[in-house]
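1. Mind folding the following:
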Amino acid sequence: MAKKPAPAAAGPYEEISKEACARLDACVKQKEVFDLDIRESYFFAAPHRAREIRSSIAPSSIKRGDEGELQTGLASELSRDFVTELVEAFMPPAEPWAERRPGMYLPDEVKEQAKKIAADQDPIIFDAIRASNLYSEVPKAFAPDIAIGTAALWIDDPRPNENIVVQAVPLHELEINIGPFGDIDDRFVVRHTKNKHVKALVGEGIYAKIPENVKTKIEGKPDERTIVRWGFWRLWDRRDDVVWCHVVMIDKVVVEKLELIGEGACKLIVMRFNPSPEWAYGTGPLIEALPDFRLLDAIEGDKIDHIEISLRPPTGFPDDSFAAVEEGIEPGSAYPIRSGSEGAIKPIFEGGDIDGALFETAAIEDRLRRKFFLGFPQQKGKTPPTATQWIDEMIEKQRRIGTPGMPFWKEGPAQIFLRFKHLLEKRGRIEPVKVNGKMVSLEPYNPAQRAAEQQEVAMALRFLQIAGPTWPEEFRLMVDGGATMTAIAEKMRVTGLVKFRTQEQQQEVVGMISQLIEGRQRVQPPGPEAAGGL
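-> This next block holds a predicted model:
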C-alpha cells in the first residue's frame with residue numbers, strides 16, 4: 001500500500017495544504033489499481049526502467065532482480081513502433097497537426113475574421129513547437145508509457161529569451177485523478193530530488209518562501225533528498241475562464257499557491273490512450289496484450305530449451321566402459337571403450353516436433369502487431385493487391401487507431417498546441433484572437449481526421465465522374481467548377497501549395513486566350529474552295 005501524505009503543518013497555506021494532501025491521496029488510490037499492470041508492462045517492454053511506480057517511494061538506481069528471465073524483446077520493439085505510429089498519425093513533425101476553428105455558436109461575420117487571424121497565427125505556433133525540444137522529449141515520455149496507456153509532459157518557459165522547454169514526466173512521478181466530468185483533473189508531479197537541486201527546481205522566488213527550519217535542513221544536508229510536489233486542479237466555480245489552482249509543496253507543506261488563467265495555462269499535460277470512464281489511467285495496447293506476452297515468453301523459453309537439448313543431447317553410457325565423463329565429452333578427444341559395450345553409448349533424447357510452437361509463435365506475433373495497430377497492409381496470397389485494395393486497408397488502419405486515439409488527441413496534441421499558444425501570448429509573440437474588441441475562443445481541430453475527409457473527396461470525385469458524362473448539359477449549367485475546385489483543395493489541405501488566380505487575373509487570361517484564337521483564325525491558310533478547287 002502506498003504511504004498516505006501526513007497532515008500538513010500549520011503555516012500561511014494551512015488549509016490549501018490539507019486540500020492538496022487530500023487530493024494527492026485520492027490520486028494515489030487511482031494508481032494502486034494499475035500498479036501490477038504497469039510494473040509487468042515495464043518487465044516486458046522496458047526492463048531497465050525504474051519498476052517502482054509509487055511516488056511516495058524514491059526510485060532505486062540499482063537494477064532490481066526480476067522474478068524470471070525475459071525470453072523475448074518483442075514488447076519493446078512493438079512499443080517503440082506504436083509510439084512512431086501514434087506520433088505520425090496525430091502529431092507528425094513535418095506538417096501542422098492542429099488548427100484553430102471558430103465555434104459553431106459564433107456569428108458568421110465573426111467566424112470569418114477569427115478564422116483569418118488564426119490562419120496567420122497557427123504557423124507561428126508551429127515554428128515555436130519545432131524550435132523547442134518537444135520531439136526529442138516525446139520518445140522519452142511515450143516509450144513505453146503511452147503504450148501502457150498514460151503519459152505526461154511538462155511544458156514551461158523558464159527562459160523567455162530562449163526556446164520553450166519540454167520535459168518528459170515518468171509514471172512513477174505522476175499522480176492523477178478524474179474530475180467531475182470524467183476528464184483528467186487533479187494532477188501532481190512528485191519528485192525525490194537531492195537537496196542541492198531544490199532551489200533550481202522551484203526557483204529562487206519560491207525557495208525564499210520555504211520555512212526557515214526546512215531551508216536549514218535542506219542546505220545542511222545537500223546530498224540527502226527532499227520530496228517536491230507540484231499540483232494542479234481546475235477551479236470549477238470560475239465560469240469566466242479556464243482557471244487552474246497551482247500549488248508547490250515541499251514535502252507535505254504548500255509554500256506557493258497560484259491561479260493559472262486561460263486555455264493552455266496548465267504546465268502539466270497528461271494524455272491517455274483508450275481511457276475508461278471509471279479510472280484515471282488509460283488501458284493501452286501493452287496492458288491489453290499482457291496475456292499474449294506471457295504466453296509468448298513461455299513458448300520462447302520452451303523453444304530455447306528444445307534447441308539447446310537438440311544441439312547437445314544427453315548421452316547414456318555404462319559406468320564400467322571407460323573413464324567417468326559426467327561433465328561431457330570434449331570434441332576431437334579419444335576415449336577407451338571396453339569391448340562389447342560400444343552399443344551402450346548412445347543419446348537418450350528424442351527431439352519432439354517444434355513446428356507447432358513455431359506456428360503458435362507466428363500467430364501470437366501477428367495478433368500482437370494488430371493490437372499495437374501495426375498490421376501494415378499485407379499481400380494475401382500470390383496475387384498482388386490492387387491500388388484500391390491497398391488504399392482500403394490503409395483507411396481501415398487509420399480508422400482503427402483513430403477511434404481509441406480521439407481522447408489521446410484531445411488530451412495530448414490539442415493541449416500541447418494550446419500550451420504553446422498560451423506561452424507565445426505571454427511573450428507577446430502573438431495576440432489573443434479578438435473581433436470588434438472582444439475575445440474569441442477558437443476550438444482546436446484535429447487534421448488527423450483527414451481519413452474521413454479524404455473519403456468525402458473520393459466520393460465527390462466519383463460523383464463528378466458519373467454526373468459529367470451522363471448529363472453533360474445540366475452538369476455544366478449546375479456545377480460551379482471554380483467553387484468546387486476550391487472546396488476540394490480546402491478539404492485536401494493543399495491550399496498552401498495550389499494557388500488560384502484572382503478574378504482579375506482570370507479575366508486577363510481569358511482575354512489572352514481570345515486574342516490567341518483570333519490570331520490563329522486570321523493566319524489560317526484558305527481552303528480548296530477559296531483557291532478555286534476542283
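2. wait, doesn't Val138 sit right on Val87?
-> Yes - assessed by Cβ atoms under 8 Å, Val138 is found in contact with Val87 at 6.3 Å. Quick note: C-beta positions are derived from backbone N, CA and C, even for glycine.
3. Between these two, tell me which one has more neighbours.
-> Each of Val138 and Val87 has its neighbours counted (other Cβ atoms under 10 Å); Val138 has more, 22 against 18.
4. hey, where'd the helices end up in the stretch 151-300 of the chain?
-> Here the stretch 151-300 of the chain has its helices, by DSSP state H, counting those that start in this stretch, at 198-202, 204-207, 212-220, 285-288, 290-311.
5. Pull out the buried residues from the last one.
-> The reference is to helix 290-311. For helix 290-311, the neighbour count (16 or more other Cβ atoms under 10 Å) marks 290, 292-293, 296-297, 299-300, 303 as buried.
6. again, but for stretch 279-292
-> Across stretch 279-292, burial judged by 16+ other Cβ under 10 Å covers 279-290, 292.
7. Between which two of these is the distance greatest?
-> Ala280 and Asp292 (25.2 Å; Cβ to Cβ).
8. All the strands of the stretch 401-534 of the chain, residue numbers only.
-> Secondary structure of the stretch 401-534 of the chain (DSSP state E, counting those that start in this stretch): strands located at 434-435, 438-439, 442-445.
9. ok, now the stretch 151-300 of the chain?
-> 165-169, 174-178, 184-194, 225-234, 243-250, 253-261, 268-272.
10. nearest to Gln465, of the buried residues of stretch 279-292?
-> Nearest to Gln465, judged by Cβ to Cβ, of these is Pro285 at 39.6 Å.
11. Could you check how far the closest one is from Leu174?
-> Pro285 sits 20 Å away from Leu174, taking Cβ to Cβ, to the nearest Å as the criterion.
12. Throw the buried residues of stretch 279-292 into a markdown table and include pLDDT and distance to Val253, thanks.
-> Below are these laid out as a markdown table (pLDDT from 0 to 100; distance: Cβ to Cβ, whole Å):
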| residue | pLDDT | distance to Val253 |
| --- | --- | --- |
| Trp279 | 92 | 29 |
| Ala280 | 95 | 25 |
| Tyr281 | 96 | 28 |
| Gly282 | 94 | 32 |
| Thr283 | 93 | 35 |
| Gly284 | 93 | 35 |
| Pro285 | 94 | 40 |
| Leu286 | 95 | 37 |
| Ile287 | 95 | 36 |
| Glu288 | 93 | 40 |
| Ala289 | 93 | 42 |
| Leu290 | 94 | 39 |
| Asp292 | 91 | 46 |
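13. Return the closest of the residues you listed with respect to Ser79.
-> Using Cβ to Cβ, Leu286 comes nearest to Ser79 of those, at 6.0 Å.
14. pretty sure that closest one is touching Tyr42, no?
-> No - in this structure, Leu286 is not within contact of Tyr42 by Cβ under 8 Å, at 9.4 Å.
15. Give me the common contacts of the two.
-> Pro144 (Cβ atoms under 8 Å, 6 or more residues apart in numbering).
16. Poorly predicted segments of the stretch 51-200 of the chain, please.
-> 60-68 (pLDDT under 70).
17. give me that answer again for 90
-> 51-73, 85-86, 88-120, 158-162, 182, 200 (pLDDT under 90).
18. same thing with the stretch 301-450 of the chain?
-> Low-confidence segments of the stretch 301-450 of the chain (pLDDT under 90): 301-407, 409, 431-450.
19. make it 80
-> Along the stretch 301-450 of the chain, the parts satisfying pLDDT under 80 run over 301-361, 375-400, 402-403, 434-450.
20. follow-up on the earlier one: okay, the helices of the stretch 151-300 of the chain in TSV with distance to Asp35 next?
-> TSV is the format used below for those (distance: least, Cβ to Cβ, whole Å):
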stretch	distance to Asp35
helix 198-202	26
helix 204-207	31
helix 212-220	30
helix 285-288	12
helix 290-311	14
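21. looking at those helices, which is closest to Thr150?
-> Short answer: helix 285-288, nearest of these by Cβ to Cβ, at 10.0 Å.
22. Report all helices and strands that the closest one contacts.
-> On a contact count with 3 or more Cβ pairs under 8 Å, 6 or more residues apart in numbering; DSSP states H and E, helix 285-288 meets helix 35-45, helix 74-90, helix 145-148.
23. To Pro275, which of those helices lies closest?
-> When these are compared by Cβ to Cβ, helix 145-148 sits nearest Pro275, at 11.8 Å.
24. Please tell me how far Ala289 sits from Ala487.
-> 42 Å.
25. repeat for Asp122
-> The gap separating Asp122 from Ala487 is 21 Å, by Cβ to Cβ.
26. do the same with Trp230
-> 47 Å.
27. and these two? which has more neighbours close in?
-> The neighbour comparison of Trp230 against Ala487 (other Cβ under 10 Å) goes to Trp230, with 21 against 13.
28. For that one, which residues are in contact?
-> Taking Cβ under 8 Å, 6+ apart, we find Trp230 in contact with 188-189, 246-249, 267-268.
29. What's the local residue count around the residue nearest to Gly468 when sequence neighbours are not counted?
-> Spatial nearest neighbour of Gly468, excluding adjacent residues (Cβ to Cβ, 6 or more residues apart in numbering): Phe475 at 4.9 Å. Around Phe475 there are 15 other residues, counting by other Cβ under 10 Å.
30. Next, find the distance separating Val33 from Arg234.
-> For Val33, the distance to Arg234 - Cβ to Cβ - is 23 Å.
31. out of the two, which sits in the more crowded spot?
-> Taking other Cβ under 10 Å, Val33 and Arg234 do not tie; Arg234 has more neighbours (19 against 12).
32. what pairs with the residue nearest to Glu411 when sequence neighbours are not counted across the strands?
-> Excluding the flanking residues, the one nearest Glu411 by Cβ to Cβ, 6+ apart is Met271, at 4.3 Å. The partner list for Met271 in beta bridges (DSSP bridges) reads Ala151.
33. Quick check: Met271 touching Ala414?
-> No - proximity of Met271 to Ala414 does not meet the contact threshold set by Cβ under 8 Å, at 9.4 Å.
34. okay, those two: which has more neighbours?
-> A side-by-side neighbour count of Met271 and Ala414, using other Cβ under 10 Å, places Met271 first with 28 against 23.
35. show me the contacts for that one.
-> Contacts of Met271 by Cβ under 8 Å, 6+ apart are 146, 150-153, 408, 411-412, 415.
36. What's the separation between it and Ala152?
-> 7 Å.
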